[in-house]
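have a look; sequence and predicted model below, questions after that.
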Amino acid sequence: MASNSALESTIDKILTNTEKNVISNIRLALVDSQQKIDSAIPKLESEYDKIISDGKKEANKIEKQITGSSDIEARNKQLMTLEESVSKVFSEALDQITNTARNADYSNLIKTLLNESTQILGTTQITVLTNSKDKDIVRSILPQFPGAELSSDQINCIGGVIVKSKDGAMTFDNTLDARIERLKPLIRKEIASKFGVGN
């Protein structure tokens, strides 16, 4: 029995030492873990702040993109509406010009177009092309331009003339169609500035 008692005592000592070692190791691990957590908190807080900051920057960027695309879309709609309106006005004006009576005022206009054309080309030695409606008016005015002749070819236009130097080196399109096309950008710009579009 004495040997049993010694064995039990030895086992109790071993268990007590083991328990102390385990508890000591657990305490050391707990202290070590607490130190690691304490040292990690500032880093985690810093990373958290960075994530929040990056998130806010990204949100601001997305907001600006959305606002910018809305502004562009609104501006494009304004420009399309302006273009539709300008095209409608030009179309109505062309209809009116097409149906204009070929009277004395119109004859003066043709004379002005011929004067302007000869000045631009720098010669009255010209061949003049026009449409069927204006042929008689042009024929009646041409004697005022020595060296000018009326072409037998007709052109498709609302009115006005195309003037070519007789040597064929120069041509000036002074039809009403061409004049309107040259004016369109200026008229569009003027209308756009009045309505504050495209600025």
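Perfect, thanks for sending it.

domain ranges for the protein?
Domain ranges of the chain: 1-99, 102-189, per automatic domain parsing.

out of the ones you listed, deepest packed?
Counting by mean count of other Cβ atoms under 10 Å, domain 102-189 has the highest mean neighbour count of the domains of the chain, with a mean of 16. For glycine as for every other residue, the C-beta is placed from the backbone atoms N, C-alpha and C.

now do that domain: distance from first to last residue.
Length of domain 102-189, first residue to last, Cα to Cα, to the nearest Å: 31 Å.

so how far is that domain off the chain centroid?
Between the centre of domain 102-189 and the centre of its chain there are 38 Å (Cα atoms, centre = their mean, to the nearest Å).

now stretch 53-71
20 Å.

and the helices in the protein?
According to DSSP state H, the chain carries its helices in the segments 2-98, 104-121, 135-141, 176-195.

packing partners for the shortest one?
When contacts are defined as 3 or more Cβ pairs under 8 Å, 6 or more residues apart in numbering; DSSP states H and E, helix 135-141 sits against helix 104-121, strand 149-154.

adding distance to Lys77, write these out as JSON lines.
Listed next are the helices and strands packed on helix 135-141 as JSON lines, based on distance: least, Cβ to Cβ, whole Å:
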{"stretch": "helix 104-121", "distance to Lys77": "38"}
{"stretch": "strand 149-154", "distance to Lys77": "43"}
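
in TSV, list the ones you listed along with mean pLDDT.
Formatted as TSV, the helices and strands packed on helix 135-141 follow (pLDDT from 0 to 100):
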stretch	mean pLDDT
helix 104-121	92
strand 149-154	94
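
lowest-scoring secondary structure element of this structure by mean pLDDT?
helix 2-98 (a mean of 71; mean pLDDT, DSSP states H and E).

out of the helices and strands packed on helix 135-141, nearest to Thr130?
strand 149-154 (7.1 Å; Cβ to Cβ).

show me what that closest one is packed up against.
Using 3+ Cβ pairs under 8 Å, 6+ apart: strand 149-154 touches strand 126-130, helix 135-141.

let's see it at 7 Å
strand 126-130 (3 or more Cβ pairs under 7 Å, 6 or more residues apart in numbering; DSSP states H and E).

show me what the strand it packs on is packed against.
Using 3+ Cβ pairs under 7 Å, 6+ apart, strand 126-130 is in contact with strand 149-154, strand 160-165.

out of these, flag the one nearest Pro42.
strand 160-165 (83.3 Å).

next, Pro146: phi, psi?
Main-chain dihedrals, Pro146, degrees, to the nearest 10: phi -60, psi 130.

tell me the pLDDT at the closest residue in space to it that isn't next to it in sequence?
In this structure, Pro146 finds its nearest non-sequential neighbour in Thr124, 5.5 Å apart by Cβ to Cβ, 6 or more residues apart in numbering. Here the pLDDT value assigned to Thr124 is 89.

list the contacts of Thr124.
Shown in contact with Thr124 (Cβ atoms under 7 Å, 6 or more residues apart in numbering): 118, 145-148.

re earlier: figure out which of the helices and strands packed on helix 135-141 is closest to Ile66.
Among the helices and strands packed on helix 135-141, if distance is taken as Cβ to Cβ, the winner is helix 104-121, at 52.4 Å.
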